[in-house]
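Engineer: Got a predicted model here, sequence first, then my questions.
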Amino acid sequence: MGSTDPNDAHDSAVAEPLLRLGLFGPMQAVDASGQSVLPRSRKTRALLALLALAAPRPVPRARLAGLLWSRRGHDQARGSLRQSVHELQRALGPTAGALLQAARTHLALSDRGLWVDDGGTATGSAGAQVFPFTLLDDLDGLDPAFDHWLAEQRQRVAKVAVSSAEAALATENGAEARLEAAERLLAIDWTHEGAWRAVISARLEQGDRAAARSAFERCATVLSAAGRAPSPETEALVRAARPVARVAAAVVTQAPRLRVTPLRALDSSRMEALLPGLAEEITAAVSRFRWISCFVDGPHEHVADYLLDSTLQRSGRRIRVIVRLLDLRTGSDVIWAHRFDREVDDVLALQEEIAAEVAAQVDPELLLREGDRRISADPRNFTAFDFTLRAIPAIYRIEPRGFHAAGELLAAATAMEPGNAAAHAWWAYWHLFLVGQAWADDPDGATRRAGELAERAVTLDPCDARALALVGHVRGFLYKRAEEACALHERSLALNPNLPLAWCFSGLANCYVGRHELAIDQIERAQRLSPRDPHAFFFYMALMMPYFLQRRFDKALVLGRRAAELNPGFSSTYKGYLATLGHLGHDQEARWVSARLLNLEPKFTIRGALERSPMIRHIDRCLYAEGLRRAGLPED
C-alpha cells in the first residue's frame, strides 16, 4: 500500500487533501484544517478504513455488512451499516459530499482529495520502508470476519515491507550501514534470522564481541519463543567465541518451557468438542509473553518445566472450565488454578476470553516462581536473564532492603548484557519506584536515569510489549509526558492485549490527561484479566485516582483502603487516599493516613505533591491539592 503525496496533484484537481488518514498504529483522520474527524464508533472507523484501502473502487454494502456484522442476520447487519454510514457522514462533515459516495448497493471513497498516510514509516538508505506500527492496531476484536480480513491485510503489508527491507540490506556494504538496515528489517519481522546474522556479523566486523554476543542471545531467545533454534549458519558466526555459544544455549534453556495439554472432559461424553481450540488459543495468548516458551502437547515429545491442563464440566447451557498450572520440576505441584463458569453462547469468544485471562494470570505466577527459584541458586553462573528474574519479586513487594538489592541485580544484568532490552526496562521501572517512594538520594538524577534506561529499552527492542508498557509509565509518571505514554501503551497493548500492567498503566496515563472514564475502563480491564495479580495493590491505587477526580469520593475511599491493606508500604496509595478523606471530612481516619504517609515520606508536602504530580489539567490538580489541605497536610 502506498500513500498519496498531497503535494503531487498532477492527476487531481485537489492540491490540499480534504481528508488525511493514518492507518498504522491507532487510526487517525484529520480534515484540511488539521481537525480530527475520526468517528467515535470503532465499527465506523473500520468502515472508513475498509473504504480507504479500496479507494476509489466501490465496495458492495453486502461485503461491508458481512465483514463488520457477520454474527447478525442480514437485515440487522444492513441496518447497522446504515447507522455507521450516517455516523461517518456526520464525522466527515462538509467534506462528506465530495469524498463519500453512498449508493444503494455499494459505498466508495473518492481518491481525489484523499491522502492515505503510512504514518510512522521511515525510508531507509535504499528506499526500504519500515512499519514500526501495526496496521489498524486499535481495531482488533471487532468481528471474526473483520479480524480475518485485517490479518490478511497486515500479512500483505508485512510481506511488502520485508521484501523492501531485505533488498535494502542486500545493497549495503559498510558494517554500520548493514547494522542499521538489519535493525530496520527486525523492526518488521523480529524472527528474521538473516537480519540477525547481519547484526551479529556487523558487530563482529566492528570488533564489538560483547554486542555480537548480545545479538546472538537475543536471536536465540526470540527463535526459541517461536519454537525454533538458531541455524548452523547463525551459530557458525560465533563458533570461534565459545563463551558466546555457551551463554546463548543457556539463555534458550533458561526460558521457562510451558506445555499446554488439550482440554479433557471429566466424564465420557466427549464434551471437549465444545471448546475444540482452547489449548491452541491459550498457547497463542501465552506466547505473547515472549520470555515464556510455550507449546501445545502433541505427537512430538517436548521437555517442559511447567504443565497447563484444563478440564470441562457441563450443566445445561453452563460449563465449568478448570485450568491448573503444575510445576513439573517439583513433582507436579499445582502452583495456580482458576475456575471459569460461563454460559455457552459464542464458542470462539469464550475460548478467547478464557485464554486471555489464563495468559494474564500465568505470566506473573511464572515471573515470581522463576525469580524465587533463582534466590537459592549460585549467582556465579547467572546470566543477565537470571539477574533480571531474581530482581522482579522484590520490585513487586517494594520492601526497602530487598528493593535496593534488586537495583544491584539489574545493574549487573545491564552491565553483563548491554543489549538486553528487558533488563533496561525493569531497571527503568525500578528507578520509577525509587523516586515515587522517596528513596532516592538524588531524585532528579534518578529521574534522568530512569528516562535514559527507558529510551534504551525501546531502542533495543521496539516489539517488547512489557518493556513498552514500563517505559510508557516512566514517561507518563516521572516525565509528565502523558500523551507520549498513551501512544506507547497503545503499542504495547497491540503487541500483547493480555498484559494487565499495560492496561493499568494506560489507564493511569489517560487519567493524567483527564480522560477519567476511559481510565476506569482500562484499569478495570486489568483487574478482570488478573484479579489476584501480585500488583493488585497498584491496580486499586490506580483505579482510585480517576474515581477521585470524578468526585466519586465514596468509591475512591473503598479503593484506597483496599490498596493500603494489600501493601501498607506503598506510599503512592496514601496520597490519593488522604485527599479523598479530606473532601469527605473523615478527620480521624485522615490523621491516621497522614501519619502513615509522613512516616514513609517525612518531607511530603502539598507543594511537593503538586511539583511531582503528573496530572495535566488545572482543575484536577486543584481538587487534589484541596483534598490534601483539608486533610491537614502541611503546605510547605
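Structural biologist: Received, thanks.
Engineer: buried set for stretch 521-534?
Structural biologist: Using 16 or more other Cβ atoms under 10 Å as the test for burial, stretch 521-534 gives 522-523, 525-527, 529-530, 533-534. Placement of C-beta: from N, CA and C, glycine included.
Engineer: So among these, where is pLDDT lowest?
Structural biologist: Ranked by pLDDT, the buried residues of stretch 521-534 bottom out at residue 534, which has 86.
Engineer: That one and residue 27: what is the separation?
Structural biologist: The gap separating residue 534 from residue 27 is 34 Å, by Cβ to Cβ, to the nearest Å.
Engineer: Make sure residue 371 is actually in contact with residue 397.
Structural biologist: No: the pair residue 371 / residue 397 is not scored as a contact, 10.6 Å apart, by Cβ atoms under 8 Å.
Engineer: higher neighbour count, these two?
Structural biologist: It is residue 371, of residue 371 and residue 397, that has more neighbours when counted by other Cβ atoms under 10 Å, with 21 against 15.
Engineer: Tell me how far that one lies from residue 390.
Structural biologist: Applying Cβ to Cβ to residue 371 and residue 390 gives a distance of 5 Å.
Engineer: Let me know how buried residue 415 is, in neighbour terms.
Structural biologist: 11.
Engineer: Show me the shaky parts of the stretch 301-450 of the chain.
Structural biologist: 301-302 (pLDDT under 70).
Engineer: At which residues are the strands of it located?
Structural biologist: For the stretch 301-450 of the chain, the strands defined by DSSP state E, counting those that start in this stretch cover 306-315, 318-327, 333-343.
Engineer: Switch those over to JSON lines; also include distance to residue 365 and mean neighbour count.
Structural biologist: JSON lines is the format used below for those (distance: least, Cβ to Cβ, whole Å; neighbours: other Cβ atoms under 10 Å):
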{"stretch": "strand 306-315", "distance to residue 365": "9", "mean neighbour count": "18"}
{"stretch": "strand 318-327", "distance to residue 365": "6", "mean neighbour count": "18"}
{"stretch": "strand 333-343", "distance to residue 365": "5", "mean neighbour count": "13"}
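Engineer: In a markdown table, list those along with distance to residue 54.
Structural biologist: Converted to a markdown table, those look like this (distance: least, Cβ to Cβ, whole Å):
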| stretch | distance to residue 54 |
| --- | --- |
| strand 306-315 | 42 |
| strand 318-327 | 41 |
| strand 333-343 | 38 |
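Engineer: Out of the ones you listed, which gets nearest to residue 403?
Structural biologist: Among the strands of the stretch 301-450 of the chain, the nearest to residue 403 by Cβ to Cβ is strand 333-343 (24.4 Å).
Engineer: got the buried residues for stretch 580-589?
Structural biologist: 580-584, 586, 589.
Engineer: From those, which land in helices?
Structural biologist: Counting by DSSP state H, the part of the buried residues of stretch 580-589 found in helices is 580-584, 589.
Engineer: what's near enough to touch the closest residue to residue 404 other than its chain neighbours?
Structural biologist: Nearest in space to residue 404, with sequence neighbours left out and distances taken as Cβ to Cβ, 6 or more residues apart in numbering, is residue 439 at 7.7 Å. Residue 439 makes contact with 400, 403-404, 433, according to Cβ atoms under 8 Å, 6 or more residues apart in numbering.
Engineer: now do residue 409
Structural biologist: Counting by Cβ under 8 Å, 6+ apart, residue 409 makes contact with 387-388, 390-391.
Engineer: And those residues, which is closest to residue 288?
Structural biologist: Using Cβ to Cβ, these come closest to residue 288 at residue 388, 18.7 Å.
Engineer: Check the buried residues of stretch 580-589 against residue 633 and report the nearest one.
Structural biologist: residue 582 (8.0 Å).
Engineer: Tell me if I'm right that that closest one and residue 623 touch.
Structural biologist: No: taking contacts as Cβ under 8 Å, residue 582 lies outside contact range of residue 623: 10.2 Å.
Engineer: before we move on, the earlier item: weed out the non-buried ones from the contacts of residue 439.
Structural biologist: 403, 433.
Engineer: Which ones among the contacts of residue 439 map onto helices?
Structural biologist: Using DSSP H, the subset of the contacts of residue 439 located in helices is 400, 403-404, 433.
Engineer: Can you add distance to residue 494 and give those residues back as a markdown table?
Structural biologist: Converted to a markdown table, the ones in helices among the contacts of residue 439 look like this (distance: Cβ to Cβ, whole Å):
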| residue | distance to residue 494 |
| --- | --- |
| 400 | 36 |
| 403 | 31 |
| 404 | 35 |
| 433 | 26 |
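Engineer: which among those residues gets closest to residue 209?
Structural biologist: Each of these was scored against residue 209 by Cβ to Cβ, and residue 404 proved nearest at 32.1 Å.
Engineer: Quick check: of the contacts of residue 439, which lies closest to residue 287?
Structural biologist: residue 433 (28.9 Å).
Engineer: For this structure, which helix or strand comes out least confident on mean pLDDT?
Structural biologist: strand 122-123 (a mean of 34; mean pLDDT, DSSP states H and E).
Engineer: next one: phi and psi at the residue nearest to residue 404?
Structural biologist: Per-residue torsions, residue 439: phi -100, psi 0 (degrees, to the nearest 10).
Engineer: just residue 295 next, same as before
Structural biologist: According to degrees, to the nearest 10, residue 295 has phi -150, psi 150.
Engineer: ok, it - how many residues close by?
Structural biologist: For residue 295, using other Cβ under 10 Å, the count is 16.
Engineer: Repeat that for residue 406.
Structural biologist: Count around residue 406 with other Cβ under 10 Å applied: 27.
Engineer: same thing with the one 4 residues further on?
Structural biologist: The burial count assigned to residue 410 is 30, neighbours taken as other Cβ under 10 Å.
Engineer: Is the nearest residue to residue 549 once chain neighbours are set aside within a helix or a strand, and which one?
Structural biologist: The shortest distance from residue 549 to any non-neighbouring residue, by Cβ to Cβ, 6+ apart, is to residue 620 (5.0 Å). Assigned by DSSP states H and E, residue 620 belongs to helix 618-630.
Engineer: Show me what that helix is packed up against.
Structural biologist: helix 536-549, helix 571-584, helix 606-612 (3 or more Cβ pairs under 8 Å, 6 or more residues apart in numbering; DSSP states H and E).
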